[in-house]
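Enquirer: quick one, what's the 3D model for this:
(chains A and B)
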Amino acid sequence: MPNRTGRPDDSATSALATDRRSPEHLTSAVAWYRQMVIARRFEEETERAFRRGKIGGYLHVYSGQEAVAAGFLAELRETDIFFTAYRDHAHALFRGASPGAVMAELFGKVTGLARGKGGSMHLFDVARGFYGGYGIVGAHVPLAVGAAYALRYRQEDRVCVCFLGDGAMNSGALHEALNMAGLWGKEGLCPLVLVVENNEYAMGTSVVRSSAVTDLAARFAQYAIPGERIDGMDFFVVRQTAARVIADVRATGRPYAVEALTYRFAGHGAADLFQPYRTKEEVDAQRRRDPILLLERRLREAGVLDDATVARIQEEAEQVVAEAVRFAEESPPPGPEELTAHVYGAPADA
Amino acid sequence: MPELTYRDAIRAALIDAMERDPTVLLLGEDIGLYQGTFRVTADLLARFGPRRVIDTPISEEGFVGAAIGMALLGLRPVVEVMTWNFSLLAFDQIVNNAAKVRYFSGGQVDVPLVIRGPNGAGVQLSAQHSQSVEVFYAHVPGLRVVAPATPADAWGLLRTALRGRDPVIFLENAALYGTKGPVPDGDGALPFGRAEVARPGRDVTIVAYSRMLLVALEAARQLADEGIDAEVINLRSLRPLDGETLVRSVAKTHRAVVVQEQWKPFGAAAEIAATIYEGAFDLLDAPVERVTGADVPMPYARELELLAIPHEADIVAAARRVLYREGR
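Expert: All right, here's what the predicted structure looks like:
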């Protein structure tokens, strides 16, 4: 049953209850807990590397939002595809991209996911169905709509997931895209899952200061796209929602939207040092809802996680991230031949 | 060699591609039931069905973006913009996504997308419907920008565009749709970045593209009457630009006039002139002349509109100037 408020309530408990009956899901949840711990350690390390001058440009870290991408990507098939915006490191990691290749991209190395030419905002792993991180707010949503159409045009039962932030909800590109998604969905031609990662702030402007209607899930209705709001901090809630929604979209070819209420613990970007738009008390309060700690508590309660395992997972995360940094540090920068490579797909006179 | 109109040459290239390749599909405003504003897509909905001939809402950013997404997934969408003026609503999608996604993904994707529609001054359509957008797009790496002047150009360049792996800005011209000309029986594909010597001559090189080619050819006929033998170059493609053909021609004539319909400052003619200077400075006997549209928003009144776009007489006068015959 869709939970309109999205606040933690009985649905979270019942989600866990369902999973208690499914040992495989709990085992898998431990594996996802491990992925989320790695992603968190990875992001902490990227912030450090930014301060050390190893990472340039912008750096948008995902800490606090891990349950959203993890919950949805856990339910995607290998053949499914997804798009996201610029806060994209964890999405790549959760999809199985090499942490070394992700870190190397941030370090601007030729061994990076995009050969050092995309950076933090443009991670891509097309072989794994990851069609990219995009830097213009909302402008990737039309791409995802077209991609979803392409899947159904080819009569495949693959689905497309489009992650977007709350800031994208007010962009023109999004509204034009949603209208087409709703239209094409009526013909069963738009198997698209829209996942709004509502972390409450578009840079420094809160949802209440930017959106006339703050129930973002409800705003999809005007385009004939059903939507629901969920607690994006609870991995079990996200994952169960994802399982149901993805199955429905796959079966019907109709789009569906999920607004996941979450929070980013870090600033908008690495240059957002003082965060004048929110209080320390607010951030601290949100940190008590940390999706990783919440999942850890649940898994301990379910008896599938103990001190020793947690310690081992944290140790593994340290190693994975240390190895990623070592790989990135030791990798060569792109050579001058890379400057002009990949502008075009073939010689100009082909 | 059949004679086709410019309109039918484009339509024939679309039909041929759609019959051969099921990944080719069309999107645009009123291209289906309405049959297309300039009827380039007439009857294609009935022929190929609504999944391949998609009438879109009036939302350029949305449907151009969707076409980019289709291209990323290996389809070959052809977007019709009702006029290139409206492409400006999709400028972000074209410039920031279509042109760059291959590069910032490190070469992981192709974007086999064609965007086509009428460009340039219309018939008293005034400021918002009569712009020439070529320079906006020719400036951007990752895009290919072509401007056919004849039915054979339209057929051949569109065939090449429909085989490529990159986004192509395909600039038609509303005033050319009804013009007729021979179209080759066979493949007839024209490579991008290769200009055509549309009229050989030895006294002055006139460089033009799209509808201005027809104006330049008429100017060349008038010049011939006064004993001036002009060579007319049909550029066909602005990005890539065929500098070799330009330099080869100027090596023969030692004088050049560049014609464009758009505004003069920072225009295509400036780039073409600079290309000639870089490659043939020592061969020139006179500064390169530019014949361009007036530097104003397009006016509505017929008298003013005629003043705002280049005519044969402007080209003839410029050719006389580079030959130091003005006033004779």
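
Enquirer: all contacts plus neighbour counts: C-alpha atoms, from now on.
Expert: OK.

Enquirer: name the residues of stretch B:183-190 that are buried.
Expert: B:V183, B:P184, B:A189, B:L190 (16 or more other Cα atoms under 10 Å in any protein chain shown).

Enquirer: mean confidence for it?
Expert: Taken as a whole, stretch B:183-190 carries a mean pLDDT of 94.

Enquirer: same thing with stretch B:276-293?
Expert: The predicted model gives stretch B:276-293 an average pLDDT of 98.

Enquirer: got the contact list for that stretch?
Expert: The contact list for stretch B:276-293, computed with Cα atoms under 8 Å, 6 or more residues apart in numbering or on different chains, reads B:243, B:246-247, B:250-251, B:254-264, B:269-270, B:273, B:308-310, B:314-315, B:318-319, B:322-323.

Enquirer: mind checking which of those are in helices?
Expert: Members of the contacts of stretch B:276-293 lying in helices (criterion: DSSP state H): B:243, B:246-247, B:250-251, B:269-270, B:273, B:308, B:314-315, B:318-319, B:322.

Enquirer: which of those residues sit farthest apart?
Expert: Maximum pairwise distance in those, criterion Cα to Cα, is 31.9 Å, between B:A251 and B:A308.

Enquirer: if we can go back for a sec, by neighbour count, which of the ones in helices among the contacts of stretch B:276-293 wins?
Expert: Of all those, B:A319 has the most neighbours under the rule other Cα atoms under 10 Å in any protein chain shown, reaching 30 neighbours.

Enquirer: the nearest residue to that one once chain neighbours are set aside: neighbour count?
Expert: With Cα to Cα, 6 or more residues apart in numbering or on different chains as the criterion, B:A319 has its nearest non-adjacent residue at 6.4 Å, and that residue is B:V257. B:V257 is surrounded by 27 other residues when neighbours are defined as other Cα under 10 Å.

Enquirer: any idea how far B:V257 is from B:L235?
Expert: B:V257 is 13 Å from B:L235, where distance means Cα to Cα, to the nearest Å.

Enquirer: name the residues contacting each of these two.
Expert: Taking Cα under 8 Å, 6+ apart as the contact criterion, the common neighbours of B:V257 and B:L235 are B:V207.

Enquirer: does residue 292 count as helix, strand or coil?
Expert: The chain I'm using is chain A. State at A:I292, reduced to three classes by DSSP: H, G, I helix; E, B strand; the rest coil: helix.

Enquirer: my bad, the chain I had in mind was chain B
Expert: In three-state terms, and counting by three-state DSSP, B:T292 is strand.

Enquirer: any idea how far it is from chain A?
Expert: In this structure, B:T292 lies at 27 Å from chain A, with Cα to the nearest Cα, to the nearest Å as the measure.

Enquirer: so what's the residue count around A:D215?
Expert: Counted with other Cα under 10 Å, the neighbours of A:D215 add up to 16.

Enquirer: what is the burial count for A:P336?
Expert: Counted with other Cα under 10 Å, the neighbours of A:P336 add up to 8.

Enquirer: got a list of what it touches?
Expert: Taking Cα under 8 Å, 6+ apart as the criterion, A:P336 is in contact with no other residue.

Enquirer: give me phi/psi at it?
Expert: Reported as degrees, to the nearest 10, the phi and psi values for A:P336 are phi -60, psi -30.

Enquirer: who in the stretch 101-250 of chain B is up against chain A?
Expert: Counting by Cα under 8 Å from any Cα of the partner chain, the positions of the stretch 101-250 of chain B adjacent to chain A are B:102-110, B:141-143, B:160, B:164-166, B:191-194, B:240.

Enquirer: helices of the stretch 51-200 of chain B, residue ranges please.
Expert: B:60-72, B:91-92, B:101-104, B:134-138, B:151-161 (DSSP state H, counting those that start in this stretch).

Enquirer: okay, these, which one's buried deepest?
Expert: The highest mean neighbour count among these belongs to helix B:60-72 (a mean of 30), with neighbours defined as mean count of other Cα atoms under 10 Å in any protein chain shown.

Enquirer: my guess is B:S210 meets B:A149, correct?
Expert: Yes - when contacts are counted by Cα atoms under 8 Å, B:S210 is listed as touching B:A149 (4.0 Å).

Enquirer: which residues do the two both contact?
Expert: Jointly contacting B:S210 and B:A149 under the rule Cα under 8 Å, 6+ apart are B:N234, B:R236.

Enquirer: compare those two (neighbour count), which wins?
Expert: For B:S210 versus B:A149, the count of surrounding residues by other Cα under 10 Å is larger for B:S210: 27 against 24.
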